[in-house]
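# Structure for this input, please:
(chains A and B)
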Amino acid sequence: MNNMMGIIKLDSPISKMKELCESRPVASLPIAGRYRLIDFALSNMVNAGISSVGILLSDKARSIFDHLRSGKDWDLARHREGMYYMPSESSDGRAPIGNLSGLYNNLDFIEHSPADYVLLSNADTVFNIDYNPVLEYHQSTGADITLVYYKTKTERDGLASVLKVAESGLVKDVAKQPKAEAGACVGMGVYIMAKEVFINLVKTAFERGGTDFMLDGIIRRADEYTIYAYEHKGYVARVNSVGAYFTASMDVRKPEIWEELFMGENVIYTQRKDAVPVQYKATAVVKDSLIANGCEIRGTVENSILFRGVKVAEGAVIKNSIVMQHVTLGEGATIENAICDKNVVISDGKVLKGAENYPLIVSKNAKI
Amino acid sequence: MSKNKCLAMILAGGQGSRLKALTKNVAKPAVPFGGKYRIIDFPLSNCANSGIDTVGVATQYRPLELHTYLGTGNAWDLDKRDGGVFILPPYAREKGADWYKGTADAIYQNLNFIDTVDPDYVLILSGDHIYTMDYAKMLAAHKERNADATIGVFEVPWDEAPRFGIMNTDTSDGRIIEFEEKPAQPKSNLASMGIYIFSRDLLDKYLKEDAEEEGSEHDFGKNIIPKMLKDNRRMYSYAFEGYWKDVGTIESLWQANMDFLEDEPPFELSSDWRIYSSNPSLPPQYIGPDAKVSRSMINEGSMILGEVEHSMLSSGVKVGKNAKVTNSVILPFAVIEDGAVVDHAIVAQHSVIKAGAKVEGKPGEILVIPEKTVVEA
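Here you go, the predicted model:
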């Protein structure tokens, strides 16, 4: 047990992955065969003993309600505390810009919590972290704010909070940059701070006309705070584009990453479903793939991720692809270098191919 | 629970001694089956799907794991405000304590529970069969015939009939004329499935009488049913058609698992008549670059780097490089290391077959590796 409360923001940018996020926020993007992205943020909090988590909603929230429901599958449907949905509309009924107004309008929830610390996280990242050492670090440095970051192994596209961190862990500078060089310290959108610091930061930034928590709350006022940074050394994938989604998906197949994320002491929870174990029929050929329960395979599957209930008929081939829930491939159908969204039906003999570095996206419910 | 309703009682106290090593630490109904299920999931899911929302489970032998598994009944959607799963172990009274002395006694000792629920009908089930069945239809037949008791029967091959409790019926209306336990010269091939519906008042009366009876084995098949027949009660058979398998022995448990690996399985586990089970939080399985998997079912959290052919693998199983698993049932979190060979075997939970080791049974002689065993090369 500890005395943190959690807040998860769902407003991560979707501009580079519009096809996948037409009807859902990044947080409910299916990933790794049976999860939604938010499962990582939420499970990490639950595993740290956090028993009160606010979900700061943004638009297209229906898929989030469908997935989280009462929070029961994360053990957050409690008599006291548990999961709270934080609607982001403002008191005057206008659609808010940025995440700051949502936080501001839900400050009473935070004020009423008995927790001493607030842990804030995005829901767009694949990672498994133990937050207790982060809290201990935060307490030991006497920081106002502690950011969690990772060092990118490769150059990373997309807007990123790049940190300059002194050897002591003190943050010298933090700035939003259009991309991060290999080896850069990149913020993961995870912050720990005392509740009073958080409330004060949100109030001040919002009342001065700010809209974004990171930009107006932290970056523009970095001089006023003592900010320390904690390096997460495990696997991290921030999903901010189709390319990043494809890479992260292919990564989690790797046995060492699969083990680190899913088979350790800290479990990643998700909505429970009653699907049958995977059925491999006599003609099945499966290589280097991640297969979720409920799949029935008679064809060939290579270098791919199959979500629940995918049916692959005899002679059908799936290569280098991500195939979401309840997709059906008819006899001899082929997909290669593709992301197939939910419930797609590909009839006998049809061939769908993307380029190796540019996956073809087949949208939800399409019949081909 | 509204009136005119049916309470189900599952007899889950048996040791299942013929399952040998597999029931050393758990009761038979909690033995894993079909990659992710346990045997008791079948009667419980049948209850949930038949609209029976109150289920008593009489437990006795090694109940810890079974009790933990049943929990609040949430997995079967049976955590109801009015109803749910009730775990009924034997308990002590003012005059001392008794174990359940037989199937009838297990119900007799819980008559106070039945009084609390106050049903009109009581459905008695056992926890050792793999099947799907709509109990609501059986109940409708019971009501339609104004029966005192209805017994589920299954047509078995004539040569196997001497191994079962056989019902001799009036073929015109299914009324039971005679019951013979394991007859040498069977007159019929309708075997009792151990599934009974009783009108509650009569069940109450016969159980109380039987409890007083000197020398009774307090068993439904041996005592209650024959007594009711003798009294000329309205006893009817209810014929079940479909897949029904007693998994009380190692061979039959293995065979039933293999049945589900057929190209057309005996029944769909995920149809509208879904078999529910408690789902652990494990990731999708990983099939490695050199793996070969066919005619098999594999559950979540498993990692397959070698060859799996005609086998049933539970959750979290590891099969190493160049290892070969054929015609086998591998229970949760067992590890088959690199180059090991497993054929015609049941490898129980958390066992390790070390690199290069061989575990080979043969048809008719399925080898069982007990829980947490390490088999060296």
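
# Going by C-alpha atoms from here, please, whenever you check contacts or count neighbours.
Fine.

# Surely A:L147 touches A:Y191?
Yes - at 4.7 Å, A:L147 counts as touching A:Y191 under the criterion of Cα atoms under 8 Å.

# Residue most distant from the centroid, chain B?
Ranked by distance from the centre of chain B (Cα atoms, centre = their mean), the top residue is B:P289, with 37.7 Å.

# just for the chain, where's the confidence low?
Since you didn't name a chain, this refers to chain A. Scanning chain A for pLDDT under 70 picks out the ranges A:1-2, A:89-96.

# try again with chain B
In chain B (pLDDT under 70), the answer is B:1-4.

# Please work out how many residues are found near residue 285.
Going with chain A. By other Cα atoms under 10 Å in any protein chain shown, the residues close to A:V285 number 19.

# Sorry, I should have been clearer: chain B.
Close neighbours of B:Q285, defined as other Cα under 10 Å, add up to 28.

# so who does it touch?
A:290-292, B:298-304 (Cα atoms under 8 Å, 6 or more residues apart in numbering or on different chains).

# CA atoms only: put the longest helix seen in chain A into PDB for me.
Scanning chain A for the helix with the most residues, using DSSP state H, yields helix A:195-207. The C-alpha trace of helix A:195-207 is given here as PDB (Å, rounded to 0.1, in the frame of the first residue of the first chain):
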ATOM      1  CA  LYS A 195      -1.200  16.600  -4.100                       C
ATOM      2  CA  GLU A 196      -0.900  20.300  -3.100                       C
ATOM      3  CA  VAL A 197       1.800  20.800  -5.800                       C
ATOM      4  CA  PHE A 198      -0.500  19.200  -8.400                       C
ATOM      5  CA  ILE A 199      -3.500  21.200  -7.400                       C
ATOM      6  CA  ASN A 200      -1.600  24.400  -7.300                       C
ATOM      7  CA  LEU A 201       0.000  23.700 -10.700                       C
ATOM      8  CA  VAL A 202      -3.300  23.000 -12.400                       C
ATOM      9  CA  LYS A 203      -5.000  26.000 -10.800                       C
ATOM     10  CA  THR A 204      -2.300  28.500 -11.600                       C
ATOM     11  CA  ALA A 205      -1.700  27.300 -15.200                       C
ATOM     12  CA  PHE A 206      -5.400  27.100 -16.000                       C
ATOM     13  CA  GLU A 207      -6.300  30.500 -14.500                       C
END
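
# Could you check it and say which residues are buried?
A:195, A:197-199, A:201-203, A:205-206 (16 or more other Cα atoms under 10 Å in any protein chain shown).

# Let me see the residues that make contact with that helix.
Outside helix A:195-207, the residues that reach it (Cα under 8 Å, 6+ apart) are A:100-101, A:103-104, A:107, A:110-111, A:115-118, A:144, A:211, A:213, A:216-218.

# Just the ones of these in helices?
Per DSSP H, the subset of the contacts of helix A:195-207 in helices is A:100-101, A:103-104, A:107, A:110-111.

# Just the buried ones out of these, please.
Of the ones in helices among the contacts of helix A:195-207, these count as buried by 16+ other Cα under 10 Å: A:100-101, A:103-104, A:107, A:110.

# Compile the residues you listed into JSON lines and extend it with columns for distance to chain B.
Below are these laid out as JSON lines (distance: Cα to the nearest Cα, whole Å):
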{"residue": "A:L100", "distance to chain B": "34"}
{"residue": "A:S101", "distance to chain B": "35"}
{"residue": "A:L103", "distance to chain B": "31"}
{"residue": "A:Y104", "distance to chain B": "35"}
{"residue": "A:L107", "distance to chain B": "33"}
{"residue": "A:I110", "distance to chain B": "30"}
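
# just those residues now: which is nearest A:Q279?
A:L103 (46.2 Å; Cα to Cα).

# For that closest one, give me its contacts.
With contact set as Cα under 8 Å, 6+ apart, A:L103 has these partners: A:56, A:88, A:202.

# Contact residues of chain A facing chain B?
A:32-34, A:253, A:255, A:262-263, A:267-270, A:272-293 (Cα under 8 Å from any Cα of the partner chain).

# Would you map out the domains in chain A?
The record's domain parsing of chain A by automatic domain parsing lists A:4-262, A:279-362.

# which one of those has the most crowded surroundings?
domain A:279-362 (a mean of 22; mean count of other Cα atoms under 10 Å in any protein chain shown).

# about what we covered before: tell me which of the domains of chain A sits nearest to B:A104.
The nearest among the domains of chain A, by Cα to Cα, is domain A:4-262 at 38.5 Å.

# wait, which of the domains of chain A is closest to B:A348?
domain A:279-362 (20.9 Å).

# and the closest one, how far from the chain's centre?
24 Å (Cα atoms, centre = their mean, to the nearest Å).

# distance between the ends of it?
25 Å (Cα to Cα, to the nearest Å).

# Repeat that for stretch B:207-225.
Criterion Cα to Cα; first-to-last residue distance in stretch B:207-225 is 11 Å.
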